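> my questions are about this predicted structure, shown below with the sequence.
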Amino acid sequence: MPPPPTRTIALGERLPAVRPSISDDESEESAEEEDPKSKLANAMPDTSRSSRRPPVLKCHKYDSIQIQTQTHSAIVCAAGHVYVAVTGHHVKVYDLELSETPILSLDGKDVGLKELKATSLEFRPAKEATNKGRFVWIGTKDGHMFELDVTTGQITGTRLSAHLYAITRMLRYSDMVLSFDDNGKVTIWSPEVEGAELQLATAQVRGSRISDHQEFAEMLAGRLWTSARETTAPGARGPVVRIYDVLTPGSATRSVLPTEHVGTVTSGTVLPAYPGHVYLGHEGGFVSIWTAATGEGVPVCEEVMRISNSDVLCLAGVDDRLWVGGRNGTISTYSIESRPWVMTNNWVAHWNGQSVLPLQKIFVDPYSIEKLGRLCVNSIGRDDHIKSWDGLLGADRQDAELLKLEKTFSHFRDINILFVSWNIGASKPEQLSGTKENSSFLYDALNSTDSPPDIIVFGLQEVVPLDKANVAKFLKKKKGLEGASTTLHSEHRRWADKLVGAVTFALPNERYKLLYSKELVGLLSCVMVKTKEQTAIRDYAAHTVSRGVGGRFGNKGAVAIRLVIDDTSLCFLNCHLAAGHRRVRDRNADAAAIIEHERLFPESETLDEALAFVGGGDGTMALDHEIVFMSGDLNYRIDQRRDAVVTSVRQDTYHGMLVHDQLTKEMKANVRLRSFAEGAITFPPTYKYDLHSTEYDTSEKRRIPAWCDRVLWRARDPSRVEQLHYRRYEPDISDHRPISAAFRVRVKSIQHDARAGVKGDVLAQWAVREQQLLDNARAFYVEQLAL
């Protein structure tokens, strides 16, 4: 017998693709490629409970957004109400307690120069309380330095040619100021006499050197941490971080590396709650975590976390939260106590009315503790405006306390909600006939609860074939579909009429109204409510999310419908996620895109402190709602051989296959699905059957049976949702079996007078707690020698 054929692979030729161990190709699946970004999802922080309300700090008479900084420079410093900013060839001083316009504008003639090209600013340290935040040092492109008294407008000190190159940065540390230039010179300015006030005119000067062209430089945990933009060989660790003890003459430079290759260092900080660690932000969405010092005195990288698909452009450590500004225009705050990290807040910080704008800088104003009685965090975006935020996130802390006391100012009642979900495989309504399983399916499903449900949610998938022709029809009429119209196409209308008629027939003693119906290519959602509940329902709306072929087509995606009943918001997501056995990451990405869609619904028209919504939301996103149901053909498969799955069903031992179910595993590992719950599955896999048969797929593809059809839910208070049943039915006109799930949901009605009293108590308690946190923050900044 001849040997098997071999293939010679030439030098540089690509290796052949690895042969997949499981084949489960479907016609509509092969047209879509796996989204590479979705591979990162599982390692990301848990974003499922984050508040998206901007923690706006209203501590000035005039808004800080009126301050204009120099384009893409973010050269600004702050001390309470006073801001100093560089704009063009001017240095402008603002006092936001007095005016929204500058109280002082400094140019070249004011300092004896032809023009003033300021490149850095910093308030010098002060011993006397009246001098803190009063004197600002100005570094220029020509290496000159000036000291300005912001209260009088007088130049109180001058050092010409303090550097031979542009002064790119100044840092306040203890009773000193460190100034840097692009050539690697560091000048340390200290008081003329120990214990005296530091003044530019009389300051003692000592020089030191670091590597030139360092893009990042920051005093962290008593040392100067720097890093440059370097080209690192593929696969190599990097970038290099150089650490200097510039305050100790003759000390050695430490060059250290992160545990894995990450992007260029953009920023760094220390968290007051974890002062023994340094956090560095990197391009590529990474944060590296370092011990401030070891027994040998050399910082060591302990861990690298990927927190975003967007570059981390700036960091700030505030209390026990890590504040992160990114290229996507948002600021996120993270609790780092657990793994994965938990995103507690995320809001759009800088926006020009059309698109989000990258962050340039986030910085804490320690002087605000004394001068404002608040902890102010400032941010600057590519809009070159400054915004002020509450560093203690007080509004969210107050809300958290109010939620704990919700039962003291709310009345509750129970309603029943029934979900019926089915991928009908483009079958027709009239095909539900013949066998008892077909003809009685809807009747049985609608009578599956002990009493008629108050709300019925139908979710169908593949109402029409998911071919190019139907996708094209959707694209032509996409504008109408994306709005709030309830007009349906013919096939969808026929099924909607079938469902409405079935409710009338199956539940003759109750009157129901079709509240909303919405379609997206193959998806159809219909929500019916008892007529007696109509007066309790408001703010209902619908929208669609396309996820096919990179989000361009509607052959995959979701129909979302929301409503508010009493003072409880509900969101129903009817989904059809990416198909194919191996496309778990794409399904995860689809689910994330749906639940994190930024404009899923219009803003609620009856907002009253958004009491029906959670997480600082206004009802425009799915996770703004107190209770969210995600149902449909989620398409997650079973990672097991087909014969093993089929045998387990025949022997009624299929429960053992749940450990191999992809969705079960993802709900434990994936941070976006982890907040959802699912009832116990006590029925065999619902996919894929031969038509008009009880046999799983016997075609050439012989697909592996799977629990593709599911109903998940999440609630702010899990105790308010109780599943009553979770079952399947046996009509055989589709390759899927339908399922139903019933829930008892406790909805609330807020007693506003009682809530106002409770809120007053919470505010009083917060005032005490806020002062404690401010005292702790002041102690930290004194210890870190920033005050």
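Arrived safely, thanks for sending.

> strands of the stretch 451-600 of the chain, start to end?
Residue ranges of the strands in the stretch 451-600 of the chain, as given by DSSP state E, counting those that start in this stretch, are 455-461, 512-520, 523-530, 537-547, 553-565, 568-576.

> how about those, which one is nearest Ser120?
Distances from Ser120 to each of the strands of the stretch 451-600 of the chain were compared using C-beta to C-beta; the shortest belongs to strand 537-547, at 46.3 Å. Glycine gets a C-beta too; all of them are placed from N, C-alpha and C.

> that closest one: which residues count as buried?
Counting neighbours by 16 or more other C-beta atoms under 10 Å, one finds that the buried residues in strand 537-547 are Ile537, Asp539, Tyr540, Ala541, Ala542, His543, Thr544, Val545, Ser546, Arg547.

> against Ser525, how distant is the third one?
With the distance defined as C-beta to C-beta, to the nearest Å, Tyr540 ends up 12 Å from Ser525.

> overlap in contacts, these two.
Common neighbours of Tyr540 and Ser525, using C-beta atoms under 8 Å, 6 or more residues apart in numbering, are Tyr516, Ile561.

> which residues of the chain fall in helices?
Applying DSSP state H to the chain gives helices spanning 367-372, 394-404, 436-439, 441-446, 468-476, 478-482, 490-506, 548-551, 584-595, 642-650, 662-669, 752-783.

> can I get the ones you listed in TSV with distance to Gly284 and mean pLDDT?
Formatted as TSV, the entries for the helices of the chain read as follows, by distance: least, C-beta to C-beta, whole Å; pLDDT from 0 to 100:
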stretch	distance to Gly284	mean pLDDT
helix 367-372	32	96
helix 394-404	29	94
helix 436-439	54	96
helix 441-446	49	98
helix 468-476	35	71
helix 478-482	34	43
helix 490-506	44	96
helix 548-551	22	78
helix 584-595	19	94
helix 642-650	40	97
helix 662-669	22	93
helix 752-783	30	95
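
> any idea which of those helices is most buried?
Of all the helices of the chain, helix 584-595 has the most neighbours on average by mean count of other C-beta atoms under 10 Å, namely a mean of 24.

> other SSEs contacting that helix?
With contacts defined as 3 or more C-beta pairs under 8 Å, 6 or more residues apart in numbering; DSSP states H and E, helix 584-595 has these neighbours: strand 537-547, strand 553-565, strand 568-576, strand 627-633, helix 662-669.

> at 10 Å instead, please
If contacts are counted by 3 or more C-beta pairs under 10 Å, 6 or more residues apart in numbering; DSSP states H and E, helix 584-595 sits against strand 537-547, helix 548-551, strand 553-565, strand 568-576, strand 627-633, helix 662-669.

> who wins for proximity to Leu724 among these?
With C-beta to C-beta as the measure, strand 627-633 is the member of those nearest Leu724 (13.7 Å).

> from Ile336, how far off is Ala779?
Distance, Ala779 to Ile336, using C-beta to C-beta: 21 Å.

> nope, Asp149 is what I was after
41 Å.

> more neighbours, the two?
The residue with more neighbours, out of Asp149 and Ile336 and counting by other C-beta atoms under 10 Å, is Ile336; that gives 22 against 16.

> show the contacting residues for the more buried one.
45, 271, 273-274, 277, 279, 287, 289, 305, 307, 317, 320-322, 342 (C-beta atoms under 10 Å, 6 or more residues apart in numbering).

> switch the cut-off to 6 Å
With contact taken as C-beta atoms under 6 Å, 6 or more residues apart in numbering, Ile336 is in contact with Leu322.

> now do Val564
Under the criterion of C-beta under 6 Å, 6+ apart, the contact partners of Val564 comprise Arg538, Asp539, Ala612.

> pLDDT below threshold where in the protein?
Counting by pLDDT under 70, the chain contains low-confidence residues at 1-43, 232-235, 294-295, 474-488, 605-609, 786-787.

> how does it look with 50?
Across the chain, the stretches falling below the confidence threshold (pLDDT under 50) are 15, 17-42, 479-486.

> can you give me the end-to-end span of stretch 225-244?
Start-to-end span of stretch 225-244 (C-alpha to C-alpha, to the nearest Å) is 7 Å.

> in it, what counts as buried?
Neighbour-count burial for stretch 225-244, with 16+ other C-beta under 10 Å as criterion, is recorded at Trp225, Thr226, Ser227, Ala228, Arg237, Gly238, Pro239, Val240, Val241, Arg242, Ile243, Tyr244.

> and these, which is closest to Ile75?
Compare each of these with Ile75 using C-beta to C-beta and the shortest gap goes to Thr226, at 19.2 Å.

> nearest residue to the closest one other than its sequence neighbours?
Gln214 (4.2 Å; C-beta to C-beta, 6 or more residues apart in numbering).

> quick check: that neighbour vs Arg206, distance?
The gap separating Gln214 from Arg206 is 19 Å, by C-beta to C-beta.

> same question for Gln534.
For Gln534, the distance to Arg206 under the criterion C-beta to C-beta works out to 78 Å.

> one more: Leu98?
If you go by C-beta to C-beta, the gap between Leu98 and Arg206 works out to 39 Å.

> what's the local residue count around the residue nearest to Thr226?
For Gln214, the count of nearby residues is 20 (other C-beta under 10 Å).

> right, and it touches Ala228 too?
Yes. Counting by C-beta atoms under 6 Å, Ala228 is a contact partner of Gln214 at 5.1 Å.

> before we move on, the earlier item: can you put the strands of the stretch 451-600 of the chain in JSON lines and add distance to Pro125?
Conversion of the strands of the stretch 451-600 of the chain to JSON lines gives the following (distance: least, C-beta to C-beta, whole Å):
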{"stretch": "strand 455-461", "distance to Pro125": "63"}
{"stretch": "strand 512-520", "distance to Pro125": "61"}
{"stretch": "strand 523-530", "distance to Pro125": "62"}
{"stretch": "strand 537-547", "distance to Pro125": "53"}
{"stretch": "strand 553-565", "distance to Pro125": "54"}
{"stretch": "strand 568-576", "distance to Pro125": "51"}
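
> between those strands, which one is nearest to Ala74?
Comparison of those against Ala74 by C-beta to C-beta identifies strand 537-547 as nearest, at 35.8 Å.

> show me what the closest one packs onto, helices and strands only.
With contacts taken as 3 or more C-beta pairs under 6 Å, 6 or more residues apart in numbering; DSSP states H and E, strand 537-547 sits against strand 512-520, strand 553-565.

> OK, contacts around Thr168?
With contact set as C-beta under 6 Å, 6+ apart, Thr168 has these partners: Phe180, Asp182.

> compute the first-to-last residue distance for stretch 702-713.
32 Å.

> as TSV, the helices of the chain with distance to Pro602 would be great.
Listed next are these as TSV, based on distance: least, C-beta to C-beta, whole Å:
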stretch	distance to Pro602
helix 367-372	37
helix 394-404	23
helix 436-439	40
helix 441-446	31
helix 468-476	21
helix 478-482	12
helix 490-506	23
helix 548-551	21
helix 584-595	17
helix 642-650	44
helix 662-669	30
helix 752-783	24
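
> quick one, strands of the stretch 201-350 of the chain?
204-209, 216-220, 223-227, 241-244, 254-256, 265-271, 274-282, 286-291, 301-306, 312-318, 321-326, 330-335, 342-348.

> may I see those organised as a markdown table, with distance to Arg169 added?
Shown next, in a markdown table, are these (distance: least, C-beta to C-beta, whole Å):
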| stretch | distance to Arg169 |
| --- | --- |
| strand 204-209 | 14 |
| strand 216-220 | 6 |
| strand 223-227 | 10 |
| strand 241-244 | 14 |
| strand 254-256 | 20 |
| strand 265-271 | 13 |
| strand 274-282 | 16 |
| strand 286-291 | 21 |
| strand 301-306 | 24 |
| strand 312-318 | 14 |
| strand 321-326 | 18 |
| strand 330-335 | 23 |
| strand 342-348 | 28 |
